[in-house]
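**Student:** 3D model of this:
(4 chains)
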Protein chains: 4
Amino acid sequence: MALTQKFGQVMQIRIGFELAYHHPQPTPMVVMLSVREERRHDLRRADTITFTPSLDAAHYHDAFGNRCLRIVAPAGSVRISADALIEDSGAPDAVFWDARQHPVEELPHETLRFLLGSRYCETDLLSNIAWQRFGHTPLGWPRVQAICDFVHGHLQFGYAHARPTKTAWDAFNEGRGVCRDFAHLAIALCRCMNIPARYCTGYLGDIGVPPADAPMDFSGWFEAYLGGRWYTFDARHNVPRIGRVPLAYGRDAADVAISTSFGTSILTQFTVWTDEVSQRAPLLQATG
Amino acid sequence: MALTQKFGQVMQIRIGFELAYHHPQPTPMVVMLSVREERRHDLRRADTITFTPSLDAAHYHDAFGNRCLRIVAPAGSVRISADALIEDSGAPDAVFWDARQHPVEELPHETLRFLLGSRYCETDLLSNIAWQRFGHTPLGWPRVQAICDFVHGHLQFGYAHARPTKTAWDAFNEGRGVCRDFAHLAIALCRCMNIPARYCTGYLGDIGVPPADAPMDFSGWFEAYLGGRWYTFDARHNVPRIGRVPLAYGRDAADVAISTSFGTSILTQFTVWTDEVSQRAPLLQATG
Amino acid sequence: MALTQKFGQVMQIRIGFELAYHHPQPTPMVVMLSVREERRHDLRRADTITFTPSLDAAHYHDAFGNRCLRIVAPAGSVRISADALIEDSGAPDAVFWDARQHPVEELPHETLRFLLGSRYCETDLLSNIAWQRFGHTPLGWPRVQAICDFVHGHLQFGYAHARPTKTAWDAFNEGRGVCRDFAHLAIALCRCMNIPARYCTGYLGDIGVPPADAPMDFSGWFEAYLGGRWYTFDARHNVPRIGRVPLAYGRDAADVAISTSFGTSILTQFTVWTDEVSQRAPLLQATG
Amino acid sequence: MALTQKFGQVMQIRIGFELAYHHPQPTPMVVMLSVREERRHDLRRADTITFTPSLDAAHYHDAFGNRCLRIVAPAGSVRISADALIEDSGAPDAVFWDARQHPVEELPHETLRFLLGSRYCETDLLSNIAWQRFGHTPLGWPRVQAICDFVHGHLQFGYAHARPTKTAWDAFNEGRGVCRDFAHLAIALCRCMNIPARYCTGYLGDIGVPPADAPMDFSGWFEAYLGGRWYTFDARHNVPRIGRVPLAYGRDAADVAISTSFGTSILTQFTVWTDEVSQRAPLLQATG
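**Tutor:** Down below sits the predicted model:
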């Protein structure tokens, strides 16, 4: 596995999106497109979300701490956009082979909900398979990595294989999927093995890797709780990456849709960007 | 439908349980068997949970506000019991036909998670069916009642039809189930119609109804959010009842298992009671 | 001490208020005037808050679970009102002399914040006094009652003695105050003795007691955590009462102001009502 | 004001502490000495807290999201220690002069509690002073900086001026204090001006500044909410610093004591370290 061996330079990443929707009639929406609280202290230009036409938006945090906005989109078109600047350490996803697996009785309370089944992660259906396949792997990081390696090899990637109702069980049986399905299957298997795992959406650029041929999209990956913290894993790419910026965590994709429309809604434009910018941008200013 | 027409007398209900488990080896468990916070002010004798042999138990509230206990059950047998006394208004489940349905944009933030799909409530699969069947019913209470009436008629009750992996979609297609399946299907249909619905477990005695022939068990019902509060609905019985005491709320049964064992666990005893006691029990004492 | 010796009849209470404010310029406000979640299941007519002129209001729950509304009051006058109906068991405040005091190590986590000092409850200043005076009283309910008896006797009641910056320490030294000060001093003393105590505001009518000569106002009392639940105490009246309806809990009055204006704000009208209504009101309707 | 003008190199900081207490009898304690959630993803060696003698510790998060441990310290001595490694961007505290002040109606709900008075920050007593002094300064970052400049100049620093019951009002009137008092006074003044402000404790080494003559201690500073995020301010040092690692946030020092003992407790040892380590430590390991 390729791995960036040295620590990075602090860099700044320009992140943003422009989405447009058409609604036949006024339609309530929830959008989950703000940078997670854990990384807001790195924002150098705020990720203020702009609606065109301008709209009242109410702001709240859901039960996972995700920052959500509620609007009523008017009949016709609505454009939703943001363009922010975030500081990043430039370090790749941490790899810490010695991070130990907590026995269940030691896990913090708030991690326990990430051991249960959820809409797209049927732990009850996958439990026997998980124990047969991973019950003899070493505990902790190696076990999660074994799960990622299995999922990475078992599923064939392809956009043609995506559907919104697809679950981990479906993906396991069909043998193909998109990044969301890779994450769901790995999450379900981790939970079966009593390792808390949560779904994550966010920005993931191609910093440090060859540019992808596909147009830029938001990405889905997962986190596992080991050694006292949540670590990033990515069964789709299965290699540490630079410059992830998380938007939302949840039990699975059902919890963290970037937008939820309560009525008929047609997505008419979808553009996402995440680009490294020059370090010398004059954003750090003297105070006196 | 039968309905108790007058308000009740305040009464006291003795509630409790005695469960026993066998574990081949020390096994972490979470138990969710305490009365919900909303009703704790009615407890006249606390629902202290006793473990035999005696064990350290850590106490926490999950993301739904349910009171949970964590233990490590020793190898061998463990007995878990409580015996409490709770005051109850004696009024049947409220029926308020005029409780209006909130448009989505008006719903309190914290109710929105009860519109999403969950492990046993596949809103994505049931949405078209729900709109075809209930899209022309009157909004609000009558719509939820129409859903209950449908589920009550569509599913045939029978303990033989229970299985832990059964979902609302499965129940809809198989046409049979237990109280949990009635609740899951009604919940999924309510959510499809943009009415927040949550699963509830608790005590439900046979006060005011003919005694059931089945041994006493905990019950599963649901609540729908209408007119600014959560109202109780019960698609299984489909009639207001007296003396429900809720233990836990969640998105579906996956969130509110009365016990979760992280390892092999065999249930060896299961006794639950809920009985009206004399009003003259000398529990209300003068202070001076 | 007077005490209603028998259990009550379920009754309905009409509760509501009409407040008016004048603002020289548009002014953000937070109002905390909704019935607490624990009692919303008893509402028979919702406590919908109406603003005149009509205004957009955003709804949220604060860190204590209180239901808050945010508005921007326009320049000029704004009227805020509600008129609800709530079912009540008719039982007086529970008195449970045997409710035991939990040693600190047993207290639920979420009660611990109610042991700390807060704006109007200076535990650090009152600790020595508390231990000298109550260190030899029996643990549990008798100790809280001893604190109430002391505060009830030590403070002289009088509206002339109210000021918004007055703390428990001030009240203790000055020997006089209003219901808020009685509560603050009792709370601070309980916390010094390691008994969690929280401030409560709400409706308290004169059901079962001689009508007060003062115009009706919201009331302030407190709750102490004993025997696995929060119990109501009232050092001002120092006798169980019927028909309390809580609006908000907090560490002290700083957390639960019925309204907070972020700018100049003049209260021009203040009316509160809480009246028992006939039990035969046709609110419980048959469903079919 | 001095300011590091360039972005830093990613570095690793060794942080830890060794505390010892003597208790005449078994004593419940809460310790708040774990790295905040927002920075846990930077831990390269976990900040596991060790108790000597070894003890059962229960883990929870308080209402501010701080990670707390509860123990019952035995009679005699107890030693509490941790020794962790954390990655840091090496960038100084962000200075973003253009970060705008949110009008109150725009503030996220969860920031509103940081506008209220609290034990050591008497906004009610300081409001007039704040508006007279800062009402004409430019909104946003310049206003917070004006508050910091005032506090930095108004208070004389000195360990001799510390006492646990000292409030912002006391510090303002006495004209002297320690880092905690500088933070409390600046927090109270920000809140008076409708800028949410919260107290922060944590590690702060002397990276990039001349070593202090005082022994290393935990530090107290504050954060203000501007431009969509919380920014660090430090009225004591009043200059951006490198390498802060936050342990806990709260309304003031009453919420974030590093340890709280419920009984007599004598601190017998207090050692804290925070040192930059070589970047070449072999902690980033290949996975395969």
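
**Student:** Quick check: phi and psi on residue A:254?
**Tutor:** With angles defined as degrees, to the nearest 10, residue A:254 sits at phi -60, psi -30.

**Student:** Test for you: state the pLDDT assigned to the closest residue to it other than its chain neighbours.
**Tutor:** In this structure, residue A:254 finds its nearest non-sequential neighbour in residue A:119, 4.1 Å apart by C-beta to C-beta, 6 or more residues apart in numbering or on different chains. All C-beta spots, glycine's among them, are computed from the backbone N, C-alpha and C. Per-residue pLDDT puts residue A:119 at 95.

**Student:** do the one 5 residues further on as well
**Tutor:** Model confidence at residue A:124, given as pLDDT, is 94.

**Student:** Thought residue A:201 was touching residue A:256, still the case?
**Tutor:** Yes. Under the criterion of C-beta atoms under 8 Å, residue A:256 makes contact with residue A:201 at 5.1 Å.

**Student:** ok so, going back, tell me, how many residues neighbour the residue nearest to residue A:254?
**Tutor:** Neighbour count for residue A:119, taken as other C-beta atoms under 10 Å in any protein chain shown: 28.

**Student:** helices and strands of chain A: which one bottoms out on pLDDT?
**Tutor:** Ranked by mean pLDDT, DSSP states H and E, the weakest helix or strand in chain A is strand A:58-61, scoring a mean of 89.

**Student:** That strand near chain D anywhere?
**Tutor:** Yes. Remark: strand A:58-61 sits within contact range of chain D at A:59-61, by C-beta under 8 Å from any C-beta of the partner chain.

**Student:** So which of those residues wins on neighbours?
**Tutor:** Taking other C-beta under 10 Å as the neighbour criterion, residue A:60 ranks highest of the residues of strand A:58-61 next to chain D with 21 neighbours.

**Student:** Let me know how buried the nearest residue to that one once chain neighbours are set aside is, in neighbour terms.
**Tutor:** Leaving aside its chain neighbours, residue A:60 sits nearest to residue B:109 (4.1 Å; criterion: C-beta to C-beta, 6+ apart). Neighbouring residues of residue B:109 were enumerated by other C-beta under 10 Å; the total is 20.

**Student:** pLDDT value on residue A:39, please?
**Tutor:** 93.

**Student:** again, but for residue A:288
**Tutor:** Reported pLDDT for residue A:288: 34.

**Student:** tell me the SS of residue A:148?
**Tutor:** The three-state label given to residue A:148 by DSSP: H, G, I helix; E, B strand; the rest coil is helix.

**Student:** wait, what's in contact with it?
**Tutor:** A:186, A:233-235, A:238 (C-beta atoms under 8 Å, 6 or more residues apart in numbering or on different chains).

**Student:** Out of these, which two sit at the greatest distance?
**Tutor:** A:186 and A:238 (9.9 Å; C-beta to C-beta).

**Student:** overlap in contacts of residue A:256 and residue A:201?
**Tutor:** A:32, A:247-248.

**Student:** would a markdown table of these with secondary structure and pLDDT be doable?
**Tutor:** Formatted as a markdown table, those follow (DSSP: H, G, I helix; E, B strand; the rest coil; pLDDT from 0 to 100):
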| residue | secondary structure | pLDDT |
| --- | --- | --- |
| A:32 | coil | 97 |
| A:247 | strand | 97 |
| A:248 | strand | 97 |
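
**Student:** List just the nearest of these to residue C:89.
**Tutor:** Nearest to residue C:89 among the shared contacts of residue A:256 and residue A:201, with distances taken as C-beta to C-beta, is residue A:32, at 41.8 Å.

**Student:** Now do the contacts for that closest one.
**Tutor:** Residue A:32 sits next to A:62, A:66-69, A:201, A:247-248, A:256-259 when contact means C-beta under 8 Å, 6+ apart.

**Student:** Spatially nearest residue to residue A:209 (excluding sequence neighbours)?
**Tutor:** residue A:241 (6.9 Å).

**Student:** Now do the same contact list for the one you found.
**Tutor:** Residue A:241 is in contact with A:92-93, A:204, A:207-209, A:234, counting by C-beta under 8 Å, 6+ apart.

**Student:** re earlier: most neighbours, which of the contacts of residue A:148?
**Tutor:** Most surrounded of the contacts of residue A:148: other C-beta under 10 Å gives residue A:186, at 30 neighbours.

**Student:** for the stretch 101-250 of chain A, what spans make up the helices?
**Tutor:** A:123-134, A:141-154, A:168-174, A:179-192 (DSSP state H, counting those that start in this stretch).

**Student:** closest one to residue D:140 among these?
**Tutor:** helix A:179-192 (39.7 Å).

**Student:** and that closest one, anywhere near chain B?
**Tutor:** No. Helix A:179-192 stays out of contact with chain B when judged by C-beta under 8 Å from any C-beta, the minimum separation being 10.7 Å.

**Student:** name the helices or strands packed onto that helix?
**Tutor:** Contacts defined by 3 or more C-beta pairs under 8 Å, 6 or more residues apart in numbering or on different chains; DSSP states H and E place helix A:179-192 against helix A:123-134, helix A:141-154, helix A:168-174, strand A:197-203, strand A:219-226.

**Student:** was I right about residue A:134 contacting residue A:143?
**Tutor:** Yes. Using C-beta under 8 Å, residue A:134 is in contact with residue A:143, at 6.0 Å.

**Student:** For my notes, confirm residue A:82 occurs in a strand.
**Tutor:** Yes. Counting by three-state DSSP, residue A:82 is part of a strand.

**Student:** near chain C, which residues of chain A show up?
**Tutor:** A:56, A:58, A:60.

**Student:** which one of these is nearest residue A:170?
**Tutor:** Set against residue A:170, the nearest of the residues of chain A next to chain C by C-beta to C-beta is residue A:60 (32.1 Å).

**Student:** Would you check that the closest one makes contact with residue B:111?
**Tutor:** No. Residue A:60 is beyond contact range of residue B:111, at 11.2 Å (criterion: C-beta under 8 Å).

**Student:** Low-confidence ranges, chain A, go.
**Tutor:** A:1-8, A:210-215, A:278-288 (pLDDT under 70).

**Student:** how about 80 then?
**Tutor:** A:1-8, A:206-216, A:278-288 (pLDDT under 80).

**Student:** what residue is smack in the middle of it?
**Tutor:** Note on chain A: the residue nearest the mean C-alpha position is residue A:201, at 2.0 Å, using C-alpha atoms, centre = their mean.

**Student:** And that one, how close does it get to residue C:97?
**Tutor:** 55 Å (C-beta to C-beta, to the nearest Å).

**Student:** same question, residue A:178
**Tutor:** 64 Å.

**Student:** More neighbours: which of the two?
**Tutor:** residue A:178 (20 against 15).

**Student:** what's that one in contact with, if anything?
**Tutor:** When contacts are counted by C-beta under 8 Å, 6+ apart, residue A:178 touches A:157-159, A:161-162, A:236.

**Student:** ok, which residues in chain A are in contact with chain B?
**Tutor:** A:28, A:30, A:58, A:60, A:62-63, A:68, A:70, A:72, A:103-105, A:109-110, A:112-113, A:115-119, A:122, A:124-125, A:164-165, A:194, A:254-255, A:260, A:262.
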